[in-house]
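J.: Okay, predicted coordinates and the sequence, questions at the end:
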Amino acid sequence: MKKYGNFNIFALIVGFSFLYIPIILLILFSFNESRLVTVWGGFSTKWYGELMNNQGIKDAAWVTFKVAFVSSTVATFLGTIAGLVMSRFGKFGGRTLFSGMIYAPMVMPEVILGLSILLTFITLSIDRGVLTVTLAHITFSMCYVSVIIQSRMSSYDESINEAALDLGCTPLRTFLLITFPIILPAIISGWLLSFTMSLDDLVIASFTSGPGSTTLPMKIYSMVRLGVTPEINAVSTILVGLVALGVVTASIIGKRQKQQTI
Amino acid sequence: MTDSSSTHPWQDPDQKPYIRIENVTKKFGDFTAIDNLSLDIYKSEFFSLLGPSGCGKTTLLRMLAGFENVTDGRILVDGEDMSDIPPHLRPINMMFQSYALFPHMTVEKNIAFGLKQDKLPDDVINQRVEEMLELVELTKFAKRKPNQLSGGQSQRVALARSLAKSPKLLLLDEPLGALDKRLREQTQFELMDIQEKLEVTFVIVTHDQEEAMTVSSRIGVMESGNLIQVATPTEIYEAPVNKDVADFIGDVNLLKGIYKGKDKEGTQLLSEDSNSIVYATQEVEAELEDTIWFAIRPEKLEISKRKPSNDINVLQGVIEDAEF
Ligand SMILES: Nc1ncnc2c1ncn2[C@@H]1O[C@H](COP(=O)(O)OP(=O)(O)OP(=O)(O)O)[C@@H](O)[C@H]1O
Ligand SMILES: [Mg+2]
């Protein structure tokens, strides 16, 4: 049993505590009977019920869900195409530029990205609202999807496609019958990742949303400035649950896919 | 004449080749993988490509199947220029060296894939798949996925998949390498059977020269992008054009000697090792006193304790070691 040193175990515990104690506290206090955030007044689910009566939060949740669903779907579509182009078409003119442009939103500070997108909308005089938030989310989610697809394609055996062509399958059908089902798990992972990133995003949404398109993270942030309430804990707990579900599903799909290819 | 033209079409100038490879060159960047190669292959031939690793065998097959463009020259199949015909429209099936099985489909579905592309009715497909599974002894594994198969089993699925459509031209890239001896010999036999019954033209790459000797109508020996000899197995075995071919095909004793002309006993060579004259039935183009290589197949050597009655090609020696 001397496999892990005492120090390693200690470091592990401290590390995980830093990560998870705040989240556990948040979840715990969302079930607090008392209105005072730091005083435990017994178990209750009343704050969740309270949420149902809060029209502001419900609206924000609906906006967030719409934005996340549409933006992740479009981003997955575009990102998959970009990823396939990058990995399949070899060296085309302007490849480096194209790949740089795909990665840029990943490394650029969010504030800058948000600001530049905002400026674009203002220049084009597009009114800010649900549409603008969605477009902004597509922009940054797309590059994550394309990275996932590229990494999947790097271990993709091109001769599988050749075998299909050789057996009389047209290139389009080869994509639909062979490539697509094989990389589908990566595409789903990409969608889930985009979805959760859109759910969490505060910075870019703040820059690009307008009246009537407040997202849930924005709503929470503005409520916290007036003081933390158990309601915020409850809505945050729901968000944490959704994000965790997305991430876990994505990783399970990833593992399955690995087993299939090896 | 008629008889020999049906079994040896390459000797008949009136026969039209099924595959004509004309001065084909393939370059990968600066590297020349195939160097101005020409070759005719006739209908229903069982043509084997033999050669050391990296000499361009797979590249040649890939050009025939249409996965690589030819840099120069052209390829004709049944008189038709293949340059502009994409792989999926060529009447050719290929078995890949890496098998290239579809990982998300069962063995059954893999084999059925090509047939489905032809929109055949389901019962025809099922029956054909059944036959193929039996042929490669994989009936029990029909529902498995490729990642649950051994190397030899995967190879057999790949073989079955390429055979299923009974194409007119089959390219097999080391189709039997991962099989054990029994299965290999049996599959060789099946392939020859298929070739005879269905008149399929086979082009097969192999590292196993014994296999090439058994199954082929002709063998092409390749080296660094070129064919150095194309001939029937017997010709290649009996009369290799050079030392490399001799060394590559079968067990052989290679000896160096000096050409001393020829007389009624045959070609005279002065062997460097035994410092005596050896007579060969084979003729050679060389100047007197040229250094040449000669090869003696082990099965053509006789060893006896008593001195034989004739004097030609007799050497005295001591047995130093014996191996089986
Ligand atoms: N796509 C490619 N790009 C660059 N070089 C290549 C490419 N494909 C093959 N080659 C080179 O061409 C040469 C011939 O390769 P090929 O695969 O035809 O060899 P082979 O005779 O099939 O060998 P083996 O018996 O090992 O399968 C090799 O030197 C290889 O490195
Ligand atoms: Mg090869």
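T.: Perfect, I can see it now. Ligands and ions are numbered 1, 2, ... in the order given.

J.: So the residue in the stretch 101-250 of chain A that ligand 2 sits nearest to: helix, strand or coil?
T.: Relative to ligand 2, the nearest point of the stretch 101-250 of chain A is residue A:159 (11.7 Å; Cβ to the ion). Where you see a C-beta, it was placed from the backbone N, CA and C, and this is true even at glycine. Recorded secondary structure, residue A:159: helix (DSSP: H, G, I helix; E, B strand; the rest coil).

J.: so what's residue A:258 scoring on pLDDT?
T.: We have a pLDDT of 66 for residue A:258.

J.: Let me fix that, I meant to ask about residue B:38.
T.: The model reports residue B:38 with a pLDDT of 92.

J.: Find the nearest non-adjacent residue to the residue nearest to the spatial centre of chain A, please.
T.: Residue closest to the mean C-alpha point of chain A, counted by Cα atoms, centre = their mean, is residue A:197 at 2.3 Å. Excluding the flanking residues, the one nearest residue A:197 by Cβ to Cβ, 6 or more residues apart in numbering or on different chains is residue A:141, at 5.8 Å.

J.: Give me the below-cutoff pLDDT ranges for the chain.
T.: Answering for chain A, as no chain was given. A:1-3, A:90, A:257-262 (pLDDT under 70).

J.: meant chain B, my bad for not saying
T.: B:1-6.

J.: What are the boundaries of the helices in it?
T.: Using DSSP state H, the helices of chain B run over residues B:2-7, B:57-65, B:107-117, B:122-135, B:151-164, B:181-198, B:209-215, B:233-238, B:243-248.

J.: For ligand 1, which of the ones you listed is the nearest?
T.: With respect to ligand 1, and counting by Cβ to the nearest ligand atom, the nearest of the helices of chain B is helix B:57-65 at 3.1 Å.

J.: Can you name every helix or strand that the helix ranked longest in chain A contacts?
T.: With secondary structure taken from DSSP H, chain A has its longest helix at helix A:55-88. On a contact count with 3 or more Cβ pairs under 8 Å, 6 or more residues apart in numbering or on different chains; DSSP states H and E, helix A:55-88 meets helix A:46-53, helix A:95-107, helix A:130-154, helix A:180-200, helix A:216-224, helix A:230-261.

J.: what's the closest of these to residue B:88?
T.: Smallest distance to residue B:88 across the helices and strands packed on helix A:55-88 (Cβ to Cβ): 17.1 Å, for helix A:180-200.

J.: now the closest one, how far from the centre of its chain.
T.: 8 Å (Cα atoms, centre = their mean, to the nearest Å).

J.: Could you tell me the angle between it and helix A:55-88?
T.: 140 degrees (axes from the mean of the first three to the mean of the last three Cα atoms, to 10 degrees).

J.: what angle separates helix A:180-200 from helix A:230-261?
T.: 160 degrees.

J.: Please name the nearest non-neighbouring residue to the residue of the stretch 101-250 of chain A closest to ligand 2.
T.: residue B:100 (4.0 Å).

J.: check contacts around the one you found.
T.: A:157, A:159, A:160, A:162, A:163, B:158 (Cβ atoms under 8 Å, 6 or more residues apart in numbering or on different chains).

J.: re earlier: tell me the contacts of the residue nearest to the centre of chain A?
T.: Counting by Cβ under 8 Å, 6+ apart, the residues that residue A:197 touches are A:137, A:140, A:141, A:144.

J.: same question, residue B:207
T.: Residue B:207 neighbours (Cβ under 8 Å, 6+ apart): B:50, B:53, B:174, B:177.

J.: gap between the closest residue to residue B:83 other than its chain neighbours and residue B:60?
T.: Excluding the flanking residues, the one nearest residue B:83 by Cβ to Cβ, 6+ apart is residue B:74, at 5.8 Å. Applying Cβ to Cβ, to the nearest Å, the value for residue B:74 to residue B:60 is 14 Å.

J.: Overlap of the contact sets of those two?
T.: Contacts common to residue B:74 and residue B:60, judged by Cβ under 8 Å, 6+ apart, are residue B:24.

J.: Number of residues surrounding residue B:322?
T.: Using other Cβ atoms under 10 Å in any protein chain shown, residue B:322 has 5 neighbouring residues.

J.: hmm, I was thinking of residue A:252
T.: Going by other Cβ under 10 Å, the residues that sit close to residue A:252 add up to 12.

J.: Could you double-check that residue A:247 sits in contact with residue A:192?
T.: Yes. Contact criterion Cβ atoms under 8 Å: residue A:247 and residue A:192 qualify, at 7.4 Å.

J.: Mind checking which of those two has more residues around it?
T.: Set side by side, residue A:247 and residue A:192 show more neighbours around residue A:192, with 21 against 14, by other Cβ under 10 Å.

J.: residues touching that one, list them.
T.: Contacts of residue A:192 by Cβ under 8 Å, 6+ apart are A:72, A:246, A:247, A:249, A:250, A:253.
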